[in-house]
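In: Next input, structure requested:
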Amino acid sequence: MRAKSSSLRHPLHPTSEWDTRKSGIEIGIAAPSAILMSMEIKTFNPPGAPPVVGPYSHLVCAGGFCFCSGQIPLDPKTGDVVVGGIDAQTTQVMENIGTILSTVRLGFTQVVRATIYLVDLQDFAIVNQIYAKYFTNHLPARSTVQVAALPKGVRIEIEVTAINADL
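Out: You can find the predicted model right below:
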């Protein structure tokens, strides 16, 4: 006698059925929307970070990941763009990211992904030198792209994603 076959919704394609006869194993998987609905989302705008310049949070944590919004070189005390070239701007961005991550007891060693936006790719070498001071033994995945312009006329913006099993 043959066992009755069953079909489940495919976990990556919820509109198609997944034939469990192929594997011989029946697995119950929650629909992606159910997983997301049960996930707690926490937002942070730490007092030591520069003020946000729009309707967003500095840091959003969910599902073990913390997503740091793109940071531009703003002085956290004044909210003004720091004076100086790409070296001063990059240093301020990295310091701001460090402050924001520390809000949830994270540091640069928990960063798994970074994206750097530059107005001029000629600044790439200088940015790399400063960036390397913050990521010494641990190097996250990274992309660097040139953009036409950034908020407040700055030359650099960096966003990062960090892993945090506690949130």
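
In: need the next SSE after the helix ranked longest in the chain, C-terminal direction.
Out: Using DSSP state H to define each element, the chain has its longest helix at helix 86-102. Per DSSP states H and E, helix 86-102 leads on to strand 111-118 as the next helix or strand towards the C-terminus.

In: what's the following helix or strand past that following strand packed up against?
Out: Next along the chain after strand 111-118, taking DSSP H and E as the criterion, comes helix 124-134. Secondary-structure packing of helix 124-134 (3 or more CB pairs under 8 Å, 6 or more residues apart in numbering; DSSP states H and E): helix 86-102, strand 111-118. In this view, the C-beta of every residue, glycine as well, is placed from N, C-alpha and C.

In: In a markdown table, list those along with mean pLDDT and distance to Ile41.
Out: Converted to a markdown table, the helices and strands packed on helix 124-134 look like this (pLDDT from 0 to 100; distance: least, CB to CB, whole Å):
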| stretch | mean pLDDT | distance to Ile41 |
| --- | --- | --- |
| helix 86-102 | 98 | 16 |
| strand 111-118 | 98 | 18 |
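
In: Turn these into TSV, including distance to Lys42 and mean neighbour count.
Out: Shown next, in TSV, are the helices and strands packed on helix 124-134 (distance: least, CB to CB, whole Å; neighbours: other CB atoms under 10 Å):
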stretch	distance to Lys42	mean neighbour count
helix 86-102	13	21
strand 111-118	18	19
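
In: wait, what's in contact with Pro76?
Out: Gly48, Ala49, Pro50, Asn96, Thr99 (CB atoms under 8 Å, 6 or more residues apart in numbering).

In: run the last query once more with 6 Å
Out: Gly48, Ala49, Pro50 (CB atoms under 6 Å, 6 or more residues apart in numbering).

In: So which of the residues you listed is the closest to Val111?
Out: Ala49 (16.2 Å; CB to CB).

In: Pull the number of nearby residues for Thr78.
Out: Neighbourhood size, Thr78 [other CB atoms under 10 Å]: 10.

In: Is it in a helix, a strand, or coil?
Out: Following DSSP: H, G, I helix; E, B strand; the rest coil, Thr78 is assigned to coil.

In: pLDDT wise, what is it at?
Out: Looking at Thr78, its pLDDT reads 95.
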